[in-house]
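1. here are the coordinates; sequence isn't available:
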């Protein structure tokens, strides 16, 4: 459809279901006006290593966010041509025969399935897993979680009639379709990224019925329409097109215009990722990073994932130091020298993925002296997260992905200090994203492409995504400090891996 329809008020909506909040977003691409509203929620930690959220809470908060953004804009809901989705990846929502959750959603942070990984590899075999999924199965991914329920909580597993990824539960509540897209299916690690279908050989060997898994299709596929019930609850217009959507990392890439090769994204949200779009499937033979089907047709998404990003800074600032003012903490940390006078932080508070794939890994402060203060500790956390991201960056470039530019995104990109630390540690220019809500924008662009507003993502991003204007260049003196510190950071994990395993066994077995 032509742009003159946009000028008449045609808009697009997205819902981004994150780990700490859900955001409803409305975009008018003709006037380049955007509006969003968010509602927050918490992660439940019922036991060490567990991480859960309530799907009903997600939906209730989504309804509130949609009402708020509709009220804020005063838009006629009939002018919203389509709605699409972005969401936290890897987690699992399981429904019974009455379409009610059989338990809380188990999200990506959850490490309980670490205890069944050896069983999975013994049953399926590493070669067959890599051949059929092109990835290494790790704790917190849907296939591992589902197998954990099958073997450890069979009384719950037997009630399951369907499973889906987190954002797909919101989509189901809005349009009644149990469906997912290639990108989010890829993040389940039960998906064949070459053939774009469920990895049947792996699923069958684990004794899981493939019928439990949702129908899978492109991110731009129209999968249904807003139902009458959802319209009453949300204020949306009954019959509005519902477009499949995708995982948040992919939508963030689209929202940054990263739909071709040569640009890396450095994201610090609750977790952290370094990712890139490639036109050919590149896989790490050791399974230390992830290769997923992209929301962009004919592309793949390379990703090194750190489980601990902004959550680590939140932990030290609020839970340990009792501070609420992030800006004040940021300013204090900025006054401390690069390297914090020999203070290191290993940010593996919830285990780690890239490059270690170790759910037993723990957080460590190393090098504390009487001369260190709270600002040193906060800066050391920021540096530790950036060092972990450098592990990911190094791995992606080793596999052959071309990096001409790095765009920083997520909540961490709001901190100029954290961006400068990344530039200094990466020893590369780092550009701040021009958008504060990249995943929302990416999902709204996906809605527009799916509804026929643009012919493809290249056209849509060229028209809808602003180029980043602010660049952070490496400080040579700081870069020299971090160049010496990085091997020490890496060695902290290597020297303590056995200790982490012993601590994990002690905690689990008493």
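-> Now that the structure is in, tell me what you want to look at. Being a predicted model, the structure only gives us computed values, none of them experimental. Residues are numbered from 1 along each chain as shown.
2. which residue of the protein sits farthest from its center?
-> In the chain, the residue that sits farthest from the middle, by Cα atoms, centre = their mean, is residue 370; the gap is 37.8 Å.
3. Just say helix, strand or coil for that one.
-> coil (DSSP: H, G, I helix; E, B strand; the rest coil).
4. Can you mark which positions in the helix or strand where residue 485 lies are buried?
-> Here residue 485, judged by DSSP states H and E, is contained in helix 476-509. By neighbour count with 16 or more other Cβ atoms under 10 Å, helix 476-509 contains the buried residues 478-479, 481-482, 485-486, 489-490, 492-493, 496, 500, 504. (Each C-beta comes from the backbone N, C-alpha and C, glycine too.)
5. give me the low-pLDDT residue ranges for the chain?
-> Applying pLDDT under 70 to the chain flags residues 1-9, 510.
6. so what are the domain limits for it?
-> Domain segmentation of the chain under automatic domain parsing yields 3-250, 257-432+475-510.
7. Among those, which comes closest to residue 456?
-> domain 257-432+475-510 (7.9 Å; Cβ to Cβ).
8. For the stretch 1-150 of the chain, which segments count as strands?
-> Assigned strands in the stretch 1-150 of the chain, in chain order: 11-17, 21-28, 33-40, 52-53, 80-87, 93-95, 105-106 (criterion: DSSP state E, counting those that start in this stretch).
9. Need those strands in CSV (columns: distance to residue 341 and mean neighbour count).
-> As requested, these are exported to CSV (distance: least, Cβ to Cβ, whole Å; neighbours: other Cβ atoms under 10 Å):
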stretch, distance to residue 341, mean neighbour count
strand 11-17, 39, 28
strand 21-28, 36, 24
strand 33-40, 36, 17
strand 52-53, 39, 21
strand 80-87, 41, 29
strand 93-95, 46, 24
strand 105-106, 41, 26
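10. Tell me the one of the buried residues of helix 476-509 nearest residue 50?
-> Among these, and counting by Cβ to Cβ, the member closest to residue 50 is residue 504, at 13.8 Å.
11. which residues touch the residue lying closest to that closest one once chain neighbours are set aside?
-> Once flanking residues are discounted, residue 504 sits nearest to residue 360: 4.1 Å by Cβ to Cβ, 6 or more residues apart in numbering. Contact analysis of residue 360 by Cβ atoms under 8 Å, 6 or more residues apart in numbering lists 114, 351, 500, 501, 503, 504.
12. go again using 6 Å as the cut-off
-> Residues in contact with residue 360 (Cβ atoms under 6 Å, 6 or more residues apart in numbering) are 500, 501, 504.
13. again, but for residue 255
-> Neighbouring residues of residue 255 by Cβ under 6 Å, 6+ apart: 435, 438, 439, 441, 442.
14. ditto for residue 296
-> Contact partners of residue 296, counting by Cβ under 6 Å, 6+ apart, are 259, 457.
15. distance of it from residue 14?
-> For residue 296, the distance to residue 14 equals 16 Å [Cβ to Cβ, to the nearest Å].
16. Tell me which helix or strand the residue nearest to residue 504 sits in.
-> Following DSSP H and E, one finds residue 360 outside all helices and strands.
17. For it, give me phi and psi.
-> Here is the backbone geometry of residue 360 (degrees, to the nearest 10): phi -90, psi -10.
18. likewise residue 140?
-> Backbone geometry at residue 140, expressed as degrees, to the nearest 10, gives phi 90, psi -10.
19. So it is in contact with residue 110, correct?
-> Yes. Between residue 140 and residue 110 there is a contact at 5.2 Å, judged by Cβ atoms under 6 Å.
20. Distance-wise, check residue 270 relative to residue 299.
-> 25 Å.
21. Same drill for those two, tell me which one is more crowded.
-> residue 270 (23 against 20; other Cβ atoms under 10 Å).
22. Name all residues that make contact with that one.
-> 19, 310, 311.
23. check which helix or strand covers the residue nearest to the first one when sequence neighbours are not counted.
-> It refers to residue 19. Nearest in space to residue 19, with sequence neighbours left out and distances taken as Cβ to Cβ, 6+ apart, is residue 270 at 4.3 Å. Per DSSP H and E: residue 270 is located in neither a helix nor a strand.
24. for residue 270, phi and psi?
-> With angles defined as degrees, to the nearest 10, residue 270 sits at phi -60, psi -50.
25. got the phi/psi numbers for the nearest residue to residue 315 once chain neighbours are set aside?
-> Of all residues not flanking residue 315 in the chain, residue 349 sits nearest, at 6.2 Å (Cβ to Cβ, 6+ apart). In terms of degrees, to the nearest 10, the main-chain angles of residue 349 are phi -70, psi -30.
26. Bridged to residue 349, which residues?
-> Beta-bridge partners for residue 349, by DSSP bridges, are residue 351.
27. was I right about it contacting residue 362?
-> No. Contact between residue 349 and residue 362 fails when scored by Cβ under 6 Å: they sit 7.4 Å apart.
28. list the residues that contact both of those two?
-> Common neighbours of residue 349 and residue 362 are not found (criterion: Cβ under 6 Å, 6+ apart).
29. on that earlier part again, let me have the strands of the stretch 1-150 of the chain in CSV, extended by distance to residue 216.
-> Shown next, in CSV, are those (distance: least, Cβ to Cβ, whole Å):
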stretch, distance to residue 216
strand 11-17, 18
strand 21-28, 23
strand 33-40, 28
strand 52-53, 23
strand 80-87, 15
strand 93-95, 16
strand 105-106, 19
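30. just so I know, which of those lies nearest residue 214?
-> Using Cβ to Cβ, the strands of the stretch 1-150 of the chain put strand 93-95 closest to residue 214, at 10.1 Å.
31. who does that closest one touch, helix- and strand-wise?
-> With contacts taken as 3 or more Cβ pairs under 6 Å, 6 or more residues apart in numbering; DSSP states H and E, strand 93-95 sits against strand 162-164.
32. Any chance of the domains of the chain in JSON lines with distance to residue 451 as columns?
-> Compiled in JSON lines, those are given as follows (distance: least, Cβ to Cβ, whole Å):
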{"stretch": "domain 3-250", "distance to residue 451": "4"}
{"stretch": "domain 257-432+475-510", "distance to residue 451": "15"}
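33. out of those domains, nearest to residue 453?
-> Across those, closest to residue 453 is domain 3-250 (Cβ to Cβ), at 7.2 Å.
34. can you tell me the helix or strand for residue 301?
-> Here residue 301 sits within strand 300-306, counting by DSSP H and E.
35. what packs against that strand?
-> Counting contacts by 3+ Cβ pairs under 6 Å, 6+ apart, strand 300-306 packs against strand 272-278, strand 290-293, helix 374-398.
36. Now with 8 Å, please.
-> Secondary-structure packing of strand 300-306 (3 or more Cβ pairs under 8 Å, 6 or more residues apart in numbering; DSSP states H and E): helix 248-255, strand 272-278, strand 290-293, helix 374-398.
37. Next SSE downstream of it?
-> Remark: after strand 300-306, the chain's next helix or strand is helix 310-314, criterion DSSP H and E.
38. which of the residues in that next one are buried?
-> Applying a neighbour-count criterion of 16+ other Cβ under 10 Å, one finds 310, 311, 312, 313 buried in helix 310-314.
39. cool, and stretch 286-300?
-> For stretch 286-300, using 16+ other Cβ under 10 Å, the buried residues are 287, 288, 289, 290, 291, 292, 293, 294, 295, 296, 299, 300.
40. And it, end to end?
-> Taking Cα to Cα, to the nearest Å, the first and last residues of stretch 286-300 lie 18 Å apart.
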